[in-house]
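In: structure of the sequence below:
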Amino acid sequence: MSVTEGGARTVVVADDSPTLRRIVTGVLQAAGFEVLLAEDGVEAVQMVFRHQPDVIVLDVQMPRVSGYVAARVLKDDWQTADVPVLFLTSLGAASDRYWGARAGAEQFLTKDFEAPELVDAVNGAIDEAARARGGRPALKPDCVELTDDDVLARVCDLLDRKLFEASVTQDVTTIAADVHGYEETVAAVLGALSNIVDCDLVAMMLLEQGEQELATYISVAREVTERQYREFLDGISEAVEQSTGLASGPDQLNPRVADPQGRLGAVDGDLVDGAAGMATFLSMPLRAGGRVLGLLALSSGQANAFGESALSTLRLVAPPAAVVVDHARLSGAGQRV
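Out: The predicted structure is shown next:
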């Protein structure tokens, strides 16, 4: 990795039109930029990883990989995430600009541009990136050579992850439409969480009655011992005090356990040392509307059960889960069953 200071600014220009590439190259070279050319989205990604330019100018409608997808691949990797992206396209609808911004573009121009407008946009994108760094020189990772298959594999991985994230979020948010009643909503959210993340116990501790009382809803996902259950309550108590400042022993949590299959206590509590207890505990605050609603907690009898994948999924699920539960409470469906 190196630090760049001074020197000619480098721009990767990606467009499948030879005419547009020639026009854009002429404008930028006349303004003192070094220009590197790509003919489609795959080549654009390869050029950025190979040369670490100061900015990339992308067409949207290109062969193999579109500009939107190429931008998402670049923004998804730490080595290229800070390279500013400028879309130069014939598409000019509000929806196109919106999707360009969602793809990570710092600037969006249509192809009826004037030369000074393009130069100003490129300089503006580079200057904004410098301001975001606090004026520090850009760090340039070592150059990476990617084959076509490497780029397409990154595209597939990114799209698969985004589809998973969208599916998980949709599964949680549709609970608001499909389930009626406060406690039923909480139970449905906990059930969804236990399907998404491997765990033995999953719970929501919620502040009630003007945030002076606690109610803890627990779903038993797998067979667990009474010892693990008690240790889980202890863990929730400590996490509640740390995140809300409320002192709450296990007897103050008011636990309400959903265990229709009788899994709690189904495992012998006198197994080999440690096997019958809670080995991993994880908690995170539940927030909606800028306030803390309570706490989400999970436990497992396996050590180091929640890796980075599980943490990422929980960070994704927690916000919509909090909104769904809060909506059920505020909608007047707070009739307890």
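In: distance from the chain centre to the helix or strand hosting Q228, please.
Out: Assigned by DSSP states H and E, Q228 belongs to helix 226-244. The chain centroid and the centroid of helix 226-244 are separated by 27 Å, computed with Cα atoms, centre = their mean, to the nearest Å.
In: quick one, helices of this structure?
Out: 18-30, 41-51, 67-76, 94-102, 115-132, 148-173, 175-178, 182-196, 226-244, 308-330 (DSSP state H).
In: let me see the mean pLDDT of the shortest one.
Out: Averaging pLDDT along helix 175-178 gives 83.
In: from the chain's centre, how far out does that helix sit?
Out: 23 Å.
In: any buried residues in it, and which?
Out: Within helix 175-178, the residues that count as buried by 16 or more other Cβ atoms under 10 Å are I175, A176. (Glycine included, C-beta is placed from N, CA and C.)
In: what sits up against that helix?
Out: Residues outside helix 175-178 that contact it (Cβ atoms under 8 Å, 6 or more residues apart in numbering) are T185, A188, V189, A192, V324, H327, A328.
In: quick one: which of the residues you listed is most hemmed in?
Out: In terms of neighbour count, V189 stands highest of those at 28 neighbours, by other Cβ atoms under 10 Å.
In: how near is that residue to E39?
Out: Noted for V189: a distance of 48 Å to E39, by Cβ to Cβ, to the nearest Å.
In: again with I236
Out: 57 Å.
In: and the two? Which one has more around it.
Out: I236 (27 against 17).
In: how about residues contacting the helix holding Q228?
Out: By Cβ under 8 Å, 6+ apart, the list of residues contacting helix 226-244 from outside reads 200-201, 203, 205, 207, 214, 216, 218, 246-250, 252-253, 255, 264-265, 269, 276-278, 281, 283, 285, 292, 294-295, 297, 299, 301.
In: that older thread, closest to S309 among the contacts of helix 175-178?
Out: A192 (16.9 Å; Cβ to Cβ).
In: hang on, the closest one packs against T173?
Out: No - applying Cβ atoms under 8 Å as the test, A192 and T173 come out as separate, 10.2 Å apart.
In: what's near enough to touch the closest residue to A303 other than its chain neighbours?
Out: Sequence neighbours aside, A279 is the residue nearest to A303 in space, at 4.5 Å (criterion: Cβ to Cβ, 6 or more residues apart in numbering). Contact analysis of A279 by Cβ under 8 Å, 6+ apart lists S300, G301, Q302, A303, N304, A305.
In: quick one, what contacts the fifth one?
Out: Counting by Cβ under 8 Å, 6+ apart, N304 touches A279, T280.
In: kindly provide the distance from it to L282.
Out: In this view, N304 and L282 are 11 Å apart by Cβ to Cβ.
In: which among the contacts of A279 count as buried?
Out: Here, 16+ other Cβ under 10 Å leaves S300, G301, A305 buried among these.
In: could you dump those into CSV with pLDDT added?
Out: CSV is the format used below for these (pLDDT from 0 to 100):
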residue, pLDDT
S300, 91
G301, 88
A305, 87
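In: quick one: which of those sit in strands?
Out: Within these, residues falling in strands by DSSP state E are S300.
In: from N123, how far off is D59?
Out: Using Cβ to Cβ, we find D59 at a distance of 20 Å from N123.
In: burial of V323, as a residue count?
Out: For V323, the neighbour count with other Cβ under 10 Å is 18.
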